[in-house]
Every structure is written in structure tokens, then in C-alpha cells.
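K.L.:
model the following, please.
(2 chains)
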Number of protein chains: 2
Amino acid sequence: MRSGDAAGLSATRARRVIAAGELAQDALSRACRSRIAERDGTIGAFARLAPEDPPAKLGALAGVPVAVKDIVDTAGLGTEYGSAVFAGHVPDRDADCVRRLREAGATILGKTVTTEFAHVTPKATRNPRDPARTPGGSSSGSAAAVADFMAPLAIGTQTGGSVIRPASFCGVFGFKSSIGRTDTTGVHELARSLDTVGWFARAASDLRLLCSVLLDHGRVPAPLRARPRLAFVTTPYDSRAEASAKAACALARLALSAAADVVPVALPASYGALEALHRRIVPVEASRAFRRYYDEHGDKLSPALREFVELGRACEKDYAAALAEAEAARRAFDADIERFDAFVLPAALGKAPVGLETTGDAAYSLFLSLLGPPCASLPVGEGPAGMPVGVQFVGARGRDEELLDLVVWAAERLGLPVD
Amino acid sequence: MRSGDAAGLSATRARRVIAAGELAQDALSRACRSRIAERDGTIGAFARLAPEDPPAKLGALAGVPVAVKDIVDTAGLGTEYGSAVFAGHVPDRDADCVRRLREAGATILGKTVTTEFAHVTPKATRNPRDPARTPGGSSSGSAAAVADFMAPLAIGTQTGGSVIRPASFCGVFGFKSSIGRTDTTGVHELARSLDTVGWFARAASDLRLLCSVLLDHGRVPAPLRARPRLAFVTTPYDSRAEASAKAACALARLALSAAADVVPVALPASYGALEALHRRIVPVEASRAFRRYYDEHGDKLSPALREFVELGRACEKDYAAALAEAEAARRAFDADIERFDAFVLPAALGKAPVGLETTGDAAYSLFLSLLGPPCASLPVGEGPAGMPVGVQFVGARGRDEELLDLVVWAAERLGLPVD
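P.N.:
Have a look, this model is predicted:
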């Protein structure tokens, strides 16, 4: 195979052709760097590139380049968390997820653009499907890099909707792990009780491949049911959704109904309060994480982040009650999802909006980030203006492997790239 | 008043006599330093002293010296977390709780001895009531410093039983805040979902005074009921308790029954599983916090901590399930405590054991640390060998102020120092 084609490979396929001797160990990295040189002036996915390293010969990700969101520490490679407060900052150690990637033989390709501290204030990354539109955020650069063939895999993080929404907007696969299933050591805190690591890929199997590297080791998932039980859920947030988001779910339902038990389920009105509950917890934790920047470098923070810290201080007295309500909501969710292999719903309210001033509404993610289950976005739909719309699969908490097995199964039946 | 007597003052009284001009602003600090010079060679409560600073003239804690556990960052003052890994380490900023203390006018007196990273491996601090015995841990030096009149107030932290047990063993008041009510920024992580800040004092009102400084601001507690409802609880851990611990509770019950509705309540058997559940969560979070020390400085960690990290890695696959079980247990606890103003039970299994090799069993704290409510230990009982035994008051989650109002109320009726 010509190395010029390599940038289009999924990680799963790249491993296969490298193992077969059909592709040089370093060909995929080189192809990605060529693509970045060609395209990133337009897209702005990368904050900086890593120096070229000889690729590892061994490991599940040997020869596979991975882009890493700039909210994640990389030893010896600049990490600025999207903030002027950290201009020129170079960590002296890798975040846990980066350590795991390197141990699996991956090449760290570079750091991708994040919104300021993974909060809402965007940088200038553009959506590869339409550069006039936002790629979503906060993992803006990671989603865009994978969508534009600049990297087969990229690491993101999600506290609100920072993986699932950009995956939907950019038309790639995205996965957000259960709360507690990924080690966030070395990821800059936004809200410590909700921060999770996630990742982007262009093939369903690639999500599963990274799962074996980045989740805790050794857990053998329960086998997939012969006929999975899928709850196509309606939610209190649906009134804000575009027709395209609902159409993508309808399409998925139609395509899967032959092979799965497909059940319409209306999530109760109590789910409608969870977006507000998310907003009673995240600002408080963020105000603790960012207080020192606010106090010492307030002029380097965006107005939105300063206001968020102030909101957090004002909400402190309600915080313990909010935590308790979140626990109750999680238990209710556990009971609600128990009879199903997944909830299926839109990944975002619709296509990526025009403009780079905001990264869009995280409506279909905030309540799920609060509840803590694993979530995946599949690039199922194509909305108006040719923009992609994702369909979200949500599993039981802690059962990340099961969800990704189901995602691979669903991708096959939906005609999406599997490997 | 003579400044030589000052070391015996509570913070509440010291503020009063300083305000009345009866005591110089710096007299209490000087008295504490004299006491330390005289006694700490025997007790070993302090890891190091702060340089003498001119005391603040304003603030709720003006003129009040506070000792701070060496797991808590102090700007410009050595902070070694009880570990050779951090020998000579000097943080460049204060932990949030230290910042709040300084803003309230407190003088940081010095850093108190902690077990290694607030885990189980003790240093050589002795119990002031009997130097052959442990003061308990992990906040060993903080409890001992307050008990031995070296400081009127000291900061500790609790993840398992690190405030309540040493308070009980040393015969002082101890308080552990609800999960989420104190900002742990700048406190070295042990287990991030359970770490909390606590404090020690020799008078009940002092606990309340620190509460106004260290908890989030502005929350007005519900007024105390005319006849508080106290559940004197039996637990699945009682079979391990000494008679002295039960006797202390019986004494409190007798003394309070005239003024309170006192109800015997048997906590269900499900509470007996919470100690094991604590052990399914803390090692996992600790293994994440300590992995880099384990990998890079393994020779500087105690065997116990190394084993704990290894246990944590082995438990990772069960972690998400354990978190969900903890949530369920918390909701059950909320329902169980709802009809009462407090649960009352022993603070520890009995008096401090002889020897300095361990800091004792945290049985009556582990399950409560997991559940997350505010807990206070009152120096009610005197057991065999003249050693103190504490009685523990436990409030509803997040209602820390209400619990401490109740503690002041109870201290009055129990003939304990109130101010």
C-alpha cells in the first residue's frame, strides 16, 4: 500500500497492514504529519506537534499515532490547557492516559486545541465538514483532527458534553468513559467528581481498541445478547432538538429493529432537572480548581470563566445537597436502564451551528455526564447542509466494555465503518 | 492574665480576653511555643515550626495560633506529607483551608506529624495522656498538639478515621466535615472521593468557630429543636468494641436523656458491609494518586503503602460497581437519619492501644467516612488506665453547622468545656 493512503486508515486496519508487512512502522505517523501540514492551516486542530520519534515495534498501538487534547499532561511536550495562564508550560510527567498510550506503543502526534481549561470559551478550530462551523467543544481539536484524517485516534475529556457533542458535529465516533473507569491523574481538573477521559476514532473497533488500553485492565465483558434490547428514549430535552437529530435516531431504529428488541421509552420528567443539577455541581468544583488562577491571574481568564468561578462560589452552600441529589438520580438511572443494553438518543441537538463563537449546546450530554454512564456517539445521520448528526448509545454505569461491543455490533448493522 | 496561662485557653476564650485587652495579641502564640519547647521532645507532635510572625489584628481568628497537619500545603513552609519522597519540599502556595485561616487572622504555628501520606504507617508521635500509647492517626500530631496544650486548634484530614479516632484517643474534640463541604485543594490526595478536612479543639465552641472559617460561607443553620432527637445506634461493629466505648455512650445517654428524645436504634446489617466497601474504593483512588511515587520512588514508600497501591490496582475493575454501591448506601443513610438530629455512637473501639507501631482500628469511622456525613468526637468517657474514650455525634450530610450547634448543646449538658 502507498503510504500516501495511510492517513485514511483506522488504527485497527493500520495494525493489521503493519503486522502483515504491507506498511512501514512509521508510515502512518508520516502520513498524518503530511496531512496536518496540508490541512491544519485551515482547520486549526493542533496546538502544537510533538517531535518525531522512532515508532515502537511492540504493543497494541505500535505504529499508531494518537493526538492528545491539550488539557492532558505530556512529559516534555508543551501543555497549556487552552489558557494564557499556562503559556509556555511544559509538564515534567505524562498524565496516566498518556503513560498507558506510550506503554502500548502509541506515538504521541501532538496536542490538540481545547477550549479554555475545557470550559466553554473556544479557540479558532474549524469543523472539517464546513470550516464556517464550530467543531464543538471542549475537545475541539481532537474531534477535528480525527474527522480530517490528521490522526486516526485522539484523546478528549468530558465533564459536560466535550466528547459526544464534537464527535456528533464532526461526524466521527466518540466515546466517553464511565465516571471512575479512567484515571484522570494529569488531566487538568474542571470538575473533579465528573471529569472523565474519552476518545475519538473513525471506526467502531478503534473505540474498543483504545478501551483495552485506557480502561482498567482485566475486566471481561458479559457477552452480547443475541438480540440486544435497545431503549430509544425520549427526554425532556427533545423540544430543543432539530428534526435532523430525531431523524438520525429514527434511521438507526429502523436499521436495527430487525436485529434488536427496540423499545420506545419516555424518560420521566425528573431527568429534565438534571441539566440544572449539573450546573449546581460543576461551577462549585471548578471554582475550587480555578480559584488560584482567578485570584492571581484574573486578567488572563475569559469573562465566561471568571463568571463561572463566581457562580461556583455563590453555589457553594447548596453543593452538598446537589451531590446527594445526583446520587439519587444515578440510582434511579441504574434502575431505569437495567432492563436494557443501551439507551439510544441523539448525541446533540442537531448539526454544528455556524460560527466559531460558541461550541454549541450540550443538551443531550449534560444530564448523562452527571449520571456517569459510558456514552458513545455514532456518525449515523446526515442533516441539512450535509452536516453530520450523531446517534448516542448509553450503557449501564461501569459497563464500558459491554457498551463498546454493542457499538461495534450496531455499526455493522448501520453500515458504518467497523474497522 | 499571665501569659504563662495562655496556653490553656480555648480559641473562643482567647479571642474574648484579647478583645478585652487582657491578653496581648501575640501572647497565645508565645505561650504555645513555650509549651512546644518544653513538651514536644517527649510528644513529637510537630514536624516543624513556622517562623514567628507578627499576629494579625483583625479577623475571627486574630491572635489565634493554629497547627496544621503536614499533609496540607503551606506556602513557604516545609510540607513533606509524612513521606521521604517529599523530604525538603516547600510548596509555593497555601492549601485552601490555610488561606482561609490566614484570611481570618490566624497564625500558622507549624506543621504537625502525619502518618505517611495520611495512610496507616505512623511516625513516632506519642499520646500526651500516656506516651507509651499511640495518639491515633493519621492526624496524629494535630490531635496530640491540641491535647497537650501546644495549640488551641489544629487542622487534620479524614478519609477513613483520621480525625475522629485520634480525637477520641487523645481526649479532645474532633470534627470531620461532610464530603464536599470543605475545599481540599492543596491537601495531598489519599482518596479523592472521600478526603475531607477536619479539626481539633479543647472546647465545643471552638469547633463551631472554625466551621465559620473553613466551611463554605453564608449558610444559616436551622435552629436547634427544643428537644433534640438523638438516635443512640448499635452497629454491626459493636462486637469489636471495648466495654469502655459502650460505657461512654451509656454515660452520654444518661446525661442527655432529660433534655433530648433519646431513641435506641439498631443500624441494619447492611451497614456491616460498608467497611469492606470503603476498602474497595480507597485503595483504587490511592493507587491513582500514588502511582508515580510507586513507580519512581518505590524504595521510599513503606511496605504498607506499596501493598495498598497494589491492592488498588487489583481492585480497579470493581471500582465503578463499588462507587454505585456507595451511592446506594448514602441514600439509605439519608433516609435512616432523617428523623433524628444525630446518630450517637462510640468514636473508636476503645482507648488508645499501647505501642506506636499502629494508630489503632478505625472501625467506627470507616463506614461513616464512606457515607460522608459530618462527624464529631466529644471527650466524654474515661476508660481503664485513665485513658479517654470519645462519643461520636453524626449529623445529616451537608448539615455540618447544625451538627456543631448540637455538639455545643450536648457539651453543656455533659459537663464538657464549651468555650
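
K.L.:
so whatever residue of the stretch 1-150 of chain A ends up closest to chain B, which of the three states?
P.N.:
For the stretch 1-150 of chain A, the residue closest to chain B is residue A:93, as judged by C-beta to the nearest C-beta, at 6.4 Å. For every residue, glycine as well, the C-beta is placed using N, CA and C. For residue A:93, the secondary structure call by DSSP: H, G, I helix; E, B strand; the rest coil comes out as coil.

K.L.:
element containing the nearest residue to residue A:327 once chain neighbours are set aside, please.
P.N.:
Take residue A:327 and drop its neighbours on the chain: the residue closest to it by C-beta to C-beta, 6 or more residues apart in numbering or on different chains is residue B:327, 4.1 Å away. Using DSSP states H and E, residue B:327 sits within helix B:319-337.

K.L.:
per-residue confidence averaged over that helix?
P.N.:
Confidence for helix B:319-337, expressed as mean pLDDT, is 95.

K.L.:
give the buried residues for it.
P.N.:
Neighbour-count burial for helix B:319-337, with 16 or more other C-beta atoms under 10 Å in any protein chain shown as criterion, is recorded at B:319-320, B:322-334, B:336-337.

K.L.:
now do stretch A:407-419
P.N.:
Judged by neighbour count using 16+ other C-beta under 10 Å, the buried positions of stretch A:407-419 are A:407, A:408, A:409, A:410, A:411, A:414, A:416, A:417, A:418, A:419.

K.L.:
now for the helix holding residue B:327, which elements pack on it?
P.N.:
helix A:319-337, helix B:274-297, helix B:363-371 (3 or more C-beta pairs under 8 Å, 6 or more residues apart in numbering or on different chains; DSSP states H and E).

K.L.:
closest to residue B:263 out of those helices?
P.N.:
When those are ranked by proximity to residue B:263, the top entry is helix B:363-371, at 18.8 Å, counting by C-beta to C-beta.

K.L.:
what's the closest one packed up against?
P.N.:
In terms of contact count using 3+ C-beta pairs under 8 Å, 6+ apart, helix B:363-371 is assigned the packing partners helix B:164-170, helix B:274-297, helix B:319-337, strand B:388-394.

K.L.:
flag every residue of the stretch 101-250 of chain A that's near chain B.
P.N.:
By the rule C-beta under 8 Å from any C-beta of the partner chain, the part of the stretch 101-250 of chain A lying against chain B is A:178, A:179, A:180, A:181, A:183, A:185, A:192, A:193, A:216, A:217, A:218, A:219.

K.L.:
which SS class is the residue of the stretch 151-300 of chain A found nearest chain B?
P.N.:
With distances taken as C-beta to the nearest C-beta, the stretch 151-300 of chain A approaches chain B most closely at residue A:216, which sits 3.6 Å away. Each residue gets one of three states, and residue A:216 gets coil by three-state DSSP.

K.L.:
and the pLDDT at the residue lying closest to it once chain neighbours are set aside?
P.N.:
The shortest distance from residue A:216 to any non-neighbouring residue, by C-beta to C-beta, 6+ apart, is to residue B:316 (3.6 Å). For residue B:316, the pLDDT comes out at 91.

K.L.:
just checking, residue B:316 touches residue B:286?
P.N.:
No. With contact defined as C-beta atoms under 8 Å, residue B:316 does not reach residue B:286; the gap is 11.6 Å.

K.L.:
who's more crowded, these two?
P.N.:
Set side by side, residue B:316 and residue B:286 show unequal neighbour counts under other C-beta atoms under 10 Å in any protein chain shown, the larger going to residue B:286 at 24 against 20.

K.L.:
if we can go back for a sec, what's the closest of the residues of the stretch 101-250 of chain A next to chain B to residue B:60?
P.N.:
residue A:192 (28.5 Å).

K.L.:
per-residue pLDDT of that closest one, please?
P.N.:
The confidence metric pLDDT takes the value 95 at residue A:192.

K.L.:
rewinding a little: which ones are touching the residue of the stretch 151-300 of chain A closest to chain B?
P.N.:
With contact set as C-beta atoms under 8 Å, 6 or more residues apart in numbering or on different chains, residue A:216 has these partners: A:181, B:316, B:317, B:319.

K.L.:
closest to residue A:299 among those residues?
P.N.:
For the contacts of residue A:216, the closest approach to residue A:299 (C-beta to C-beta) belongs to residue A:181, at 37.9 Å.

K.L.:
keep only those of the buried residues of stretch A:407-419 that are in helices.
P.N.:
Mapping those onto helices (DSSP state H) picks out A:407, A:408, A:409, A:410, A:411.

K.L.:
quick one: buried residues of the helix or strand hosting residue A:29?
P.N.:
Element membership for residue A:29 (DSSP H and E) is helix A:27-43. Of the residues in helix A:27-43, A:27, A:28, A:29, A:30, A:31, A:32, A:33, A:35, A:36, A:39, A:40, A:43 count as buried by neighbour count, 16+ other C-beta under 10 Å.

K.L.:
want to throw those residues into a markdown table with distance to residue B:402 and pLDDT?
P.N.:
Formatted as a markdown table, the buried residues of helix A:27-43 follow (distance: C-beta to C-beta, whole Å; pLDDT from 0 to 100):
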| residue | distance to residue B:402 | pLDDT |
| --- | --- | --- |
| A:27 | 66 | 94 |
| A:28 | 61 | 95 |
| A:29 | 60 | 96 |
| A:30 | 65 | 95 |
| A:31 | 64 | 96 |
| A:32 | 59 | 97 |
| A:33 | 61 | 97 |
| A:35 | 61 | 97 |
| A:36 | 58 | 98 |
| A:39 | 60 | 97 |
| A:40 | 57 | 98 |
| A:43 | 55 | 98 |
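
K.L.:
over to the nearest residue to residue A:98 once chain neighbours are set aside: give its phi and psi.
P.N.:
Spatial nearest neighbour of residue A:98, chain neighbours left out: residue A:74 (5.5 Å); criterion: C-beta to C-beta, 6+ apart. Backbone torsions for residue A:74, taken as degrees, to the nearest 10, come to phi -130, psi 120.

K.L.:
right, and residue A:74 touches residue A:91 too?
P.N.:
Yes. Between residue A:74 and residue A:91 there is a contact at 6.5 Å, judged by C-beta under 8 Å.

K.L.:
just want to know which of the two has more residues nearby.
P.N.:
Using other C-beta under 10 Å, the more surrounded residue of residue A:74 and residue A:91 is residue A:74, with 24 against 17.

K.L.:
mind listing what that one touches?
P.N.:
Applying C-beta under 8 Å, 6+ apart to residue A:74 gives the contacts A:50, A:68, A:91, A:94, A:95, A:98, A:108, A:111.

K.L.:
what helix or strand is the second one on?
P.N.:
In this case it means residue A:68. strand A:65-69.

K.L.:
what about that strand, distance to the chain center?
P.N.:
Taking C-alpha atoms, centre = their mean, to the nearest Å, one finds strand A:65-69 lying 12 Å from the centre of the chain it belongs to.

K.L.:
mind giving me the packing neighbours of that strand?
P.N.:
Contact here means 3+ C-beta pairs under 8 Å, 6+ apart; on that basis strand A:65-69 packs against helix A:27-43, helix A:96-103, strand A:107-112, helix A:140-147, strand A:153-158.

K.L.:
can I assume residue A:46 is in contact with residue A:111?
P.N.:
Yes. Residue A:46 sits in contact with residue A:111 when judged by C-beta under 8 Å, with a separation of 6.8 Å.

K.L.:
in terms of pLDDT, where does the residue most central in space within chain A sit?
P.N.:
Centroid check for chain A by C-alpha atoms, centre = their mean gives residue A:163 as the closest residue, at 2.3 Å. Turning to residue A:163, the model gives it a pLDDT of 98.
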